[in-house]
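Trainee: give me the fold of what follows.
(one chain, ligands or ions: 1)
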Amino acid sequence: MTAAPPNSALDYDAIIIGAGLSGMYQLYRLRELGLRVRVFEAGTNVGGTWYWNRYPGARFDSESYSYGYSFSKEVLEEWEWSEHFAGQPETLRYCDYVADKFDLRRDIQFRSRVTSAIYDEGTRSWRLALEDDSEHSCRFVITAIGPLSTPTLPRIEGRDSFQGQSFHTARWPKEPVDLAGKRVAVIGTGATGVQTIQTIAAEVGHLTVFQRTPNWCAPLHNGKIDAATQAEIKAGYPEMFARCQETFACFIHTPDPRGAFEVSDQEREAFYEKLYGERGFGIWQGNFRDILIDRAANATISEFVARKIRERVRDQKVAEKLIPKNHGFGTRRLPLETFYYEVYNRDNVELIDITETPIERITPKGIRTSEQEFEFDIIIFATGFDAITGSFDKIDFRGAGGVRLKDIWKSGPETYLGLMVHGFPNMMMIMGPHTALGNIPRSIEYSVDWVTGLIRFARDNGLTRLEATREGVKDWTEHVKALGVGLLSNEVNSWMTGINSNVEGKQTRIVARYSGSAPAYRARCDEVAAKGYDELRLA
Ligand SMILES: Cc1cc2nc3c(=O)[nH]c(=O)nc-3n(C[C@H](O)[C@H](O)[C@H](O)COP(=O)(O)OP(=O)(O)OC[C@H]3O[C@@H](n4cnc5c(N)ncnc54)[C@H](O)[C@@H]3O)c2cc1C
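Mentor: Below is the predicted model:
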């Protein structure tokens, strides 16, 4: 094998794909190592999720202060979140502020979609091509392309024939959309659909919601942060972030150590009532320890929330349609809502269950179901994302010997710690498949720090080729699959199990997500680093 060239013969030491929270932080860390780094970002600004998702009502379901970066004391001191669950405009302003503060933009090239990334064994380097056909070489490539960043439109006949306006929520225009008095359709009732519907219902003339799968939703209980609370939050940052390091999914909520049947019926009811009245994901992440693994325990919370829906929706036929029947509470990502159910008490809102009356086609004037022809001015597609692996599928990744990532992952992703892939030397993934998601920025910071540690190790030891072994990938992939066994969420079709009826070839469940605890994940990765990365093939 020819000796690898010094990094100076390459355009960059490292290229990061994507300038969301992952890419921004990875850039910051690699600059600290003194590396020549370039970020390629398809959008025109930083922020990723918060740059693209401008739909009405887009906001956090993590508490704002638990979501922000924790790495900079100055950022924590300077930035003030205005609400417990900030809306998209504020979060985008936050990303702008961080980019300005650390002068990140000088190394980020916007409007630059990466189309291929090809490894060259002779030079132990990667060559990336952009949409404009320009090519850029580097030693290390780091993907920061987002678990939820490739939107999917529904596969409905006639979709492009509609003559009104239509928008995917994740491609909402920067200019305001005039919804006042308009006849609007929303297709999709996941977390995004719920936020959109509750926000626009009062403004539009008439709203028709097309629902395939109802989701269990729980109240967000958002609120402004007053000055006293702001001071408490700032003073409490160290403890709060320490807590996020201990919890299962990095949220501030911790499961109750009791099982659902270890308390009396009255106690259980009172506990659920308390959780239903509290902010955020407590009812999901801070509930009895067994509600997501024990069917009978899960039924108790499902019944409780079903009762709440029946109380909140006047027309009981509509309420029944809104109550999920094919999955238990919390076994898909839980949308948090603000008066979502009350929307269906409005005269200008109508719910169409497309399992009863399927959409046959989109027409120039609107939507035709098996029963009725609807006319609309605007159709909103709240149809989500080709999750976790979708953004990888869009790039032609070819590793050693020209092997395609798409081929290796055709039956589901195979990774080492969710960070590397055998046959793809010097490629690292932030928030790729098989990593701990949850309250995502906490996982982002961990993964970025781990990758930075590995690259520092390579630099200090004169290494130019870092590769996961076949064995390492096999073990981790089997471990991730084993962790999913017995979880009710893995028995349900959702983006978390790789199902997307709108994407060709995504009709079979896969294990794309690490479902163990975040502390266990970090312990495993820490162990690898502490032992000098000897599980990797290093040269
Ligand atoms: C509406 C919505 C609300 C959410 N709310 C929460 C929440 O409350 N709490 C939480 O923890 N998580 C939430 N998430 C998940 C969210 O995606 C993560 O929290 C986090 O923002 C992910 O950051 P990232 O940088 O890894 O990915 P992203 O923010 O998705 O950024 C990826 C970037 O990569 C770019 N990119 C992709 N492919 C290419 C390519 N080929 N070439 C160049 N650039 C490319 C994209 O344009 C994008 O800017 C939410 C997601 C959505 C969609």
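Trainee: which strand or helix spans residue 16?
Mentor: For residue 16, the element it lies in under DSSP states H and E is strand 12-17.
Trainee: how about that strand and the ligand, touching?
Mentor: Yes - interface with the ligand: strand 12-17 contributes residue 17 (CB under 6 Å from any ligand atom). For the C-beta atoms, the positions are set from N, CA and C on the backbone; glycine is no exception.
Trainee: can you give me how far the helix or strand just after that strand is from the chain middle?
Mentor: Sequence-wise, the next helix or strand downstream of strand 12-17 (DSSP H and E) is helix 21-32. Put simply, helix 21-32 sits 19 Å off its chain's centre (CA atoms, centre = their mean, to the nearest Å).
Trainee: give the buried residues for helix 21-32.
Mentor: Residues of helix 21-32 classed as buried: 21, 22, 23, 24, 25, 26, 27, 28, 29, 30, 31 (neighbour count, 16 or more other CB atoms under 10 Å).
Trainee: show me the shaky parts of the chain.
Mentor: Along the chain, the parts satisfying pLDDT under 70 run over 1-3, 486-487, 489, 491, 493-496, 499, 507, 509-510.
Trainee: and it, which residues reach the ligand?
Mentor: By CB under 6 Å from any ligand atom, the residues of the chain that approach the ligand are 17-23, 40-43, 48-49, 51, 53, 58, 60-62, 67, 113-114, 144-149, 192, 391, 394-395, 431, 439-440, 444.
Trainee: could I get the contacting residues of the residue in the stretch 301-450 of the chain that the ligand sits nearest to?
Mentor: Closest to the ligand within the stretch 301-450 of the chain is residue 440: 3.5 Å, counting by CB to the nearest ligand atom. Residues near residue 440 by CB atoms under 8 Å, 6 or more residues apart in numbering: 21, 62, 67, 147, 250, 431.
Trainee: ok, of these, which one's closest to residue 127?
Mentor: Ranked by distance to residue 127 (CB to CB), those are led by residue 431 at 23.7 Å.
Trainee: my read is that that closest one contacts residue 447, right?
Mentor: Yes - counting by CB atoms under 8 Å, residue 447 is a contact partner of residue 431 at 6.8 Å.
Trainee: who touches both of these two?
Mentor: Common neighbours of residue 431 and residue 447, counting by CB under 8 Å, 6+ apart, are residue 22.
Trainee: on that earlier part again, list the buried residues of the strand holding residue 16.
Mentor: For strand 12-17, the buried set under the neighbour-count rule, 16+ other CB under 10 Å, comprises 12, 13, 14, 15, 16, 17.
Trainee: equivalent analysis for stretch 288-295, please.
Mentor: Buried, per 16+ other CB under 10 Å, within stretch 288-295: 288, 289, 290, 291, 292, 294.
Trainee: which of these fall in helices?
Mentor: Using DSSP state H, no member of the buried residues of stretch 288-295 falls in helices.
Trainee: of these, just say which sits nearest to residue 369.
Mentor: Of all the buried residues of stretch 288-295, residue 292 has the smallest distance to residue 369: 34.7 Å, by CB to CB.
Trainee: one step back: Throw the buried residues of helix 21-32 into JSON lines and include distance to residue 237, thanks.
Mentor: As requested, the buried residues of helix 21-32 are exported to JSON lines (distance: CB to CB, whole Å):
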{"residue": "21", "distance to residue 237": "18"}
{"residue": "22", "distance to residue 237": "21"}
{"residue": "23", "distance to residue 237": "24"}
{"residue": "24", "distance to residue 237": "20"}
{"residue": "25", "distance to residue 237": "17"}
{"residue": "26", "distance to residue 237": "22"}
{"residue": "27", "distance to residue 237": "23"}
{"residue": "28", "distance to residue 237": "19"}
{"residue": "29", "distance to residue 237": "20"}
{"residue": "30", "distance to residue 237": "25"}
{"residue": "31", "distance to residue 237": "24"}
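Trainee: going by distance to the ligand, which of these wins?
Mentor: Closest to the ligand out of the buried residues of helix 21-32 is residue 22 (3.4 Å), distances taken as CB to the nearest ligand atom.
Trainee: got the contact list for the closest one?
Mentor: Residue 22 sits next to 48, 144, 146, 430, 431, 444, 447, 448 when contact means CB under 8 Å, 6+ apart.
Trainee: ok, and the closest non-adjacent residue to it?
Mentor: residue 144 (3.6 Å; CB to CB, 6 or more residues apart in numbering).
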